[in-house]
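J.: mind looking at a prediction? Sequence and model below.
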Amino acid sequence: MSEITTPNKKKLVLVSGRAHPQLANDIAAELGIQVTETDLRTFANGEIYARYGESIRGADVFVLQSHGTPINEWIMEQLIMLDALKRASAKRVTVVAPFYPYGRQDKKGRGREPISARLMADLFKTAGANRIMSIDIHASQIQGFFDGPFDHLFGMPVLLEHFRAQLDPSTLTVVSPDMGRVRVADIWSEKLGAPLAIIHKRRDPKVHNEVTVHEIVGEVKGRVCLLVDDMIDTGRTIVKAAEALKANGAIGVVVAATHAVFSDPATEILQNPAIDSVVVTDTLPIPEAKRFPTLTILPIAPLLARAIREVFDDGSVTNLFDGAA
């Protein structure tokens, strides 16, 4: 016998941290598989332990973790899970981080500041990640921080499908909450066939989560305004934008965001009368205590499952990168 051959048995494995188990189960259901059992524990002193319930040798493993509160604990848990996979001889490991941690710290705004988004990429790589998959990262250059493939997916198709059925484009104006989101808002404007408006704001770099709205560029009077952003944290920025739109004659304000961070007191702030409704996806867990009557939550699992399947099958995920819908 001159050679040894083995059948090609590619194996897709989905494992999940403890941050958002419902999302993991939803993705698994879309893929027609089960989430692989993982023994995750936190010891009395705060140390985290991880062990997989079955062999993952030679497997194509996707490690899901949604980085909500407490974000630093969930980062450490995912890093430990990656290290366990590396030492258990997984063939390829993909970090699935729907909400990329520390994504807002993507550059130095002032001297002596960190670039924490780069640090996250380095940590994932060192821990054993071959690939990263994320949705609507705060700044596109984060893709270049990771030395390997970075699948940047867009939540826009999921949100667009909802709004096409809910809003009349003849009375709609898409609004960018700041200059940094103009390109994304412009794509929304094109997809929905609605005009674009831009809010010029000024932020004090020494005061976090505080913003002052200066002026609105574009026609919003007598229009329903769709405010689009990548995330809602405390909600203060988006409420000030909504108040400015209403003060300039908007007849309605709808807020759309991919990531519902909802740091306290976001739930109370977002129920401001200036905002008629808020639509988000479930990239992050949203407990019942943080839900309110005007909130709509759209499922992101079908998008992630599709991307995971394409990566596993060595297919193309280009159409998931451009926000096509």
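T.: Alright, I've got the coordinates.
J.: quick one, domains of this protein?
T.: Listed by automatic domain parsing, the domain ranges of the chain are 12-153+302-321, 156-299.
J.: which helix or strand lies directly C-terminal to the longest helix along the chain?
T.: What stands out as the longest helix in the chain, according to DSSP state H, is helix 71-87. Per DSSP states H and E, the first helix or strand lying C-terminal to helix 71-87 is strand 92-97.
J.: strand partners of that following strand, parallel vs antiparallel please.
T.: Paired strands of strand 92-97, with direction, are strand 60-64 (parallel), strand 131-135 (parallel) (DSSP bridges).
J.: mind listing what's buried along the next helix or strand after it?
T.: The element immediately downstream of strand 92-97 (helix or strand, assigned by DSSP H and E) is helix 116-127. Residues Ala117, Arg118, Met120, Ala121, Leu123, Phe124, Lys125, Ala127 are the ones in helix 116-127 that count as buried (16 or more other C-beta atoms under 10 Å). For every residue, glycine as well, the C-beta is placed using N, CA and C.
J.: ok, residues contacting the longest helix of the chain?
T.: With C-beta atoms under 8 Å, 6 or more residues apart in numbering as the test, helix 71-87 has contacts from 15, 17-19, 38, 40, 42, 48-52, 56, 61, 63, 65-68, 93, 95, 97, 101, 120, 123-124, 127-129.
J.: which of the residues you listed are buried? Put it as a ChimeraX command.
T.: Of these, the buried ones can be selected in ChimeraX as follows, counting by 16+ other C-beta under 10 Å:
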select :15,17,18,19,38,48,50,52,56,61,63,65,66,67,68,93,95,97,101,120,123,124,127,128,129
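J.: may I see the buried residues of the longest helix of the chain?
T.: In helix 71-87, the ones that count as buried by 16+ other C-beta under 10 Å are 73-82, 84-86.
J.: which of the residues you listed sits closest to Pro293?
T.: Closest approach between the buried residues of helix 71-87 and Pro293, by C-beta to C-beta: Trp74, at 28.9 Å.
J.: measure that closest one to Ala44 for me?
T.: According to C-beta to C-beta, to the nearest Å, Trp74 stands 19 Å off from Ala44.
J.: now do the contacts for His138.
T.: Shown in contact with His138 (C-beta under 8 Å, 6+ apart): Tyr100, Gly103, Arg104, Asp106, Ala117, Asp230, Met231.
J.: let me fix that, I meant to ask about Arg18.
T.: Counting by C-beta under 8 Å, 6+ apart, Arg18 touches Leu40, Trp74, Glu77.
J.: give me the number of residues near the nearest residue to Ala301 once chain neighbours are set aside?
T.: Excluding its sequence neighbours, the residue lying closest to Ala301 (C-beta to C-beta, 6 or more residues apart in numbering) is Asp26, at 3.6 Å. For Asp26, the number of neighbouring residues by other C-beta atoms under 10 Å comes to 18.
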